[in-house]
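>>> just to be clear, the model below is a prediction. Sequence and coordinates:
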Amino acid sequence: MDVDEKSREQVVKERQHSEHLEETMRTRKQAELEHGVQHREVIEQARESLAKHRQQESHIQETMLERTEERLEQSSQEG
């Protein structure tokens, strides 16, 4: 192999290596973006679930308070 052939071969190898690195970087970036979207979706679902739980808890407390007040009124009317 003469110098020109070796030179061309080296250029081809370097180009292939560069393309491989670029593809790897693109793949990683895409995976990071997809993970970020999924992460945000999970966070949003958790927030919605927490808000719903708080509303249910508040409703239960209000209901218990109303029942307690009713019972107190009934017992004061009876006594």
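Received it, and whenever you're ready, just let me know what you need.

>>> now do residue 46 against residue 22, distance only.
36 Å (C-beta to C-beta, to the nearest Å). The way it works is simple: take the backbone N, C-alpha and C, and place the C-beta from them, glycine included.

>>> now the helix or strand harbouring residue 74, how far from the chain's geometric center?
Per DSSP states H and E, residue 74 falls inside helix 3-78. Centroid separation for helix 3-78 versus its chain: 1 Å, with C-alpha atoms, centre = their mean, to the nearest Å.

>>> helices and strands around it, which ones?
Using 3 or more C-beta pairs under 8 Å, 6 or more residues apart in numbering; DSSP states H and E, no helix or strand is in contact with helix 3-78.

>>> give the rounded mean pLDDT of stretch 56-64.
In this model, stretch 56-64 has a mean pLDDT of 94.

>>> buried sites along it?
Using 16 or more other C-beta atoms under 10 Å as the burial criterion, none of the residues of stretch 56-64 qualify.

>>> where's the most centrally placed residue in the chain relative to residue 33, distance?
By C-alpha atoms, centre = their mean, the chain has its centre lying nearest to residue 39, at 1.7 Å. Residue 39 sits 11 Å away from residue 33, going by C-beta to C-beta.

>>> for residue 5, same thing?
Taken as C-beta to C-beta, the span from residue 5 to residue 33 is 42 Å.

>>> run through this protein and note the low-pLDDT ranges.
Across the chain, the ranges flagged by pLDDT under 70 are 79.
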